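>>> Quick one, structure for this:
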Amino acid sequence: MKISFIFLTLLAATRADDIAHAAGQIFNSILPNLISNQVANGGQQGNSATNTLQQIGTVVGGVVDYAKKKSYDDLLKQVQDSTTDDDLLRVSDEMFNADINNAFNYIQVNLQGKTSPMSKNDEAQSNLLNVPENVWNGPTIRPFVALFDNYHKNVIRPEFVTPNEETEQVTYINTILATGPIRSLMTYLVSKGLTQLNEYPEQVELLKKIWFTKYARHWTGLCKCSCAFENIFMAELKSDTVLGLHSWLFFAKRELDHKANYLGYINKLDLAGKGMILKQHSVLSETKDAPEVTMFVGTSPELETALYTLCFMARPDRPCNLRYNNINFSIQTKTLTAENVKLIDTAYPQF
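Got it, this is the predicted structure:
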């Protein structure tokens, strides 16, 4: 039996899942027969069998890794190709209706004066947001906010994921997987033929890959110091440029810590009692100008995660047109590729 035959056997499978299955069959059928035949011929052949086993293990490991990447790529392409504009309008409306952890009616939004991205004047003497304690203790907001201290804002400062931080990531994912917006997302993806997402571990793996895979944002590519969660739901600094800052919860925390100064709003879109989309101008850490920041306000972390995930998968790198209660808006996603894996660079609402 030759290694080349094993390669041919694996390459005969046309789908990534079939490749992984074929690789598994080596252990179940071909490999035991190979070893027993070689060992029966004496010690020298036994050593040869051991060497062959090591070689096959290397081959299979590489094939399985490839199959996983190919399966993820196929998954993204399948959603993109099969999602219609009507699908997006229907599913986004469904997600909003399922957002029972929406906090908009419990917070105070102080818009104050209007401004522009170019203005340096402070048109707002008070904080933008007043968030009561019961909101911070919300069932999905609490594990969401727990992730904020896992990251450093500088894109070239090394970050290492500790076991406790990884536990916090999985806790957040497990928590939101039980909510209406994420259930709507997973049901929709399964309806498009992604039957593997019927399995709970596959759902966890998908969200963890999309939101928490580390990648480099600096031009050197040396420091994997960023991820989609950090950029979108928090803020990063690249020299004097503010990146991200699209979460109202993170912004409210910055205001409480006196690390964000809200200068006024540029424009807004009310979402029929379920929140708003706000375009505003702020300064972070006293000197870092964020001249045109767009964010949802009052929506739950799981709704935002579901909408951004849907648009990343279905309409990457272009406007993703959505709707709630006959109010139209869109989400713009931008993607990047890190080690041959497509991930979210950033995502934010538009109107």
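>>> what residue ranges in the stretch 101-250 of the chain score low on pLDDT?
For the stretch 101-250 of the chain, the stretches with pLDDT under 70 are 155, 218-221.
>>> again, only using 80
Applying pLDDT under 80 to the stretch 101-250 of the chain flags residues 152-160, 217-223, 225, 239-240.
>>> where exactly do the strands run in it?
For the stretch 101-250 of the chain, applying DSSP state E, counting those that start in this stretch gives strands covering 108-109, 129-130, 235-238, 241-244.
>>> so which strand or helix has the closest residue to Leu185 other than its chain neighbours?
Nearest residue to Leu185, sequence neighbours excluded (Cβ to Cβ, 6 or more residues apart in numbering): Ala306, at 4.5 Å. In this view, the C-beta of every residue, glycine as well, is placed from N, C-alpha and C. Using DSSP states H and E, Ala306 falls within helix 301-314.
>>> export that helix as PDB, just CAs?
Taking Å, rounded to 0.1, in the frame of the first residue of the first chain, the C-alpha atoms of helix 301-314 are listed here in PDB:
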ATOM      1  CA  PRO A 301     -25.700  42.400  22.200                       C
ATOM      2  CA  GLU A 302     -27.300  39.200  20.800                       C
ATOM      3  CA  LEU A 303     -29.400  41.200  18.200                       C
ATOM      4  CA  GLU A 304     -26.300  43.100  17.000                       C
ATOM      5  CA  THR A 305     -24.200  39.900  16.900                       C
ATOM      6  CA  ALA A 306     -26.900  38.200  14.900                       C
ATOM      7  CA  LEU A 307     -27.400  41.000  12.400                       C
ATOM      8  CA  TYR A 308     -23.600  41.500  11.900                       C
ATOM      9  CA  THR A 309     -23.100  37.800  11.500                       C
ATOM     10  CA  LEU A 310     -25.900  37.500   9.000                       C
ATOM     11  CA  CYS A 311     -24.600  40.400   6.900                       C
ATOM     12  CA  PHE A 312     -21.000  39.100   7.000                       C
ATOM     13  CA  MET A 313     -22.100  35.800   5.700                       C
ATOM     14  CA  ALA A 314     -24.700  36.900   3.200                       C
END
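>>> Now do the contacts for the residue nearest the centre of the chain.
Centroid-nearest residue in the chain: Trp211, 2.6 Å away (criterion: Cα atoms, centre = their mean). By Cβ atoms under 8 Å, 6 or more residues apart in numbering, the residues touching Trp211 are 173, 227-229, 305, 309, 344.
>>> try Lys253
Counted by Cβ under 8 Å, 6+ apart, Lys253 has contacts 145, 148.
>>> any idea which helix or strand carries it?
Going by DSSP H and E, Lys253 is in helix 248-256.
>>> which stretches of the stretch 251-351 of the chain aren't confidently modelled?
Scanning the stretch 251-351 of the chain for pLDDT under 80 picks out the ranges 286.
>>> any chance you could map the strands in it?
260-270, 276-284, 288-297, 319-324, 327-338, 341-350.
>>> what about the helices in this structure?
Here the chain has its helices, by DSSP state H, at 3-11, 16-25, 31-39, 43-82, 85-97, 133-136, 141-145, 163-176, 180-191, 200-212, 228-233, 248-256, 301-314.
>>> residues of the shortest one that come out buried?
Neighbour-count burial for helix 133-136 flags Val135 (criterion: 16 or more other Cβ atoms under 10 Å).
>>> how many neighbours does the residue nearest to Asn150 when sequence neighbours are not counted have?
For Asn150, ignoring the flanking residues on the chain, the nearest one in space by Cβ to Cβ, 6+ apart is Glu165 at 4.6 Å. Neighbourhood size, Glu165 [other Cβ atoms under 10 Å]: 16.
>>> Distance of Glu165 relative to Leu207?
16 Å (Cβ to Cβ, to the nearest Å).
>>> coming back round to it: quick one: residues contacting the residue nearest to Leu185.
By Cβ under 8 Å, 6+ apart, the contact list for Ala306 reads 95, 181-182, 184-185.
>>> Can you tell me which of those is nearest Asn267?
Nearest to Asn267 among these, counting by Cβ to Cβ, is Met95 at 23.4 Å.
>>> give me the number of residues near that closest one?
Met95, neighbours per other Cβ under 10 Å, totals 26.
>>> One more: Thr213?
Residues contacting Thr213 under the criterion other Cβ under 10 Å number 17.
>>> Next: the one 10 residues further on.
In terms of burial, Cys223 registers 17 neighbours under the definition other Cβ under 10 Å.
>>> Repeat that for Ile210.
22.
>>> For His258, see how far away it is.
Ile210 sits 33 Å away from His258, going by Cβ to Cβ.
>>> picking up where we left off before, format the strands of the stretch 251-351 of the chain as TSV; extra columns: distance to Ile156 and mean neighbour count.
Listed next are these as TSV, based on distance: least, Cβ to Cβ, whole Å; neighbours: other Cβ atoms under 10 Å:
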stretch	distance to Ile156	mean neighbour count
strand 260-270	22	19
strand 276-284	17	22
strand 288-297	15	20
strand 319-324	31	20
strand 327-338	16	17
strand 341-350	17	20
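>>> and Asp99, which of those strands is closest to it?
The nearest among the strands of the stretch 251-351 of the chain, by Cβ to Cβ, is strand 319-324 at 9.4 Å.
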